[in-house]
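1. Requesting a structural model of the entry that follows:
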Amino acid sequence: MALHGSYDDQNIFAKILRGEAPAAKVYEDDHVLAIMDLFPQSEGHVLVLPKARARNLLDLPAEAAARAIERVQTLTRAVESALKPDGIMVAQFNGAPAGQTVYHIHFHIIPRWEGRSIAGHGNAAQSDPEALKALAERIAAAL
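-> Okay, the predicted model is just below:
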């Protein structure tokens, strides 16, 4: 799949943003929606979805990118406060060869703990929706 291409309004994140698909919501404002990853690489894996209609970082307008990164930083701090991980990985993929699997711009916030491995991107098992909702509430409370 090409790095640049047409935006597919039927991708799962577009559907979640429109309220057509369920998600465990952590945070929402006029610029982003943060949700728990349904297939988490680690406990507390959060996805930050800019609301701009963009396939990836290269298609995201600069102003929307700046606002998204501000929210990513705020949410990363909330993950740190709520879950007390030893480290936090922030990732963003552009194009299939880079690991992108959903073609709507998004950022991953992945807590890491010493001695605990994480699932590979795109290889994680689906998490229990109720467990994700509880984690979302813990992280939201730390905002």
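2. the residue most distant from the middle of this protein, which is it?
-> Most distant from the centre of the chain: Gly115, at 23.6 Å, with distances by CA atoms, centre = their mean.
3. dump the residue contacts of that one.
-> Not one residue lies near Gly115 by CB atoms under 8 Å, 6 or more residues apart in numbering. The C-beta positions use only the backbone N, C-alpha and C, and glycine is treated the same way.
4. ditto for Ala23
-> Contacts of Ala23 by CB under 8 Å, 6+ apart are 16, 33, 35-36, 38.
5. mind checking the end-to-end distance for stretch 76-90?
-> Taking CA to CA, to the nearest Å, the first and last residues of stretch 76-90 lie 8 Å apart.
6. tell me which residues in it are buried?
-> By neighbour count with 16 or more other CB atoms under 10 Å, stretch 76-90 contains the buried residues 76, 78-80, 82-83, 85, 88, 90.
7. Would you mind giving the residues you listed as a markdown table with pLDDT added?
-> What follows is the buried residues of stretch 76-90, written out as a markdown table (pLDDT from 0 to 100):
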| residue | pLDDT |
| --- | --- |
| Thr76 | 98 |
| Ala78 | 98 |
| Val79 | 98 |
| Glu80 | 98 |
| Ala82 | 98 |
| Leu83 | 98 |
| Pro85 | 98 |
| Ile88 | 98 |
| Val90 | 98 |
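8. any idea which of those is the one closest to Asn56?
-> Distances from Asn56 to the buried residues of stretch 76-90, taken as CB to CB, are shortest for Val90 (15.5 Å).
9. Pretty sure the closest one sits against Pro111.
-> No. Contact status for Val90 versus Pro111: not in contact, 10.6 Å apart, counting by CB atoms under 8 Å.
10. quick one: Glu28 from Phe13, how far?
-> Using CB to CB, to the nearest Å, Glu28 is found at 13 Å from Phe13.
11. Make TSV out of the buried residues of stretch 76-90 and add secondary structure and distance to Leu60.
-> What follows is those, written out as TSV (DSSP: H, G, I helix; E, B strand; the rest coil; distance: CB to CB, whole Å):
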residue	secondary structure	distance to Leu60
Thr76	helix	18
Ala78	helix	22
Val79	helix	22
Glu80	helix	25
Ala82	helix	27
Leu83	helix	27
Pro85	coil	27
Ile88	strand	22
Val90	strand	16
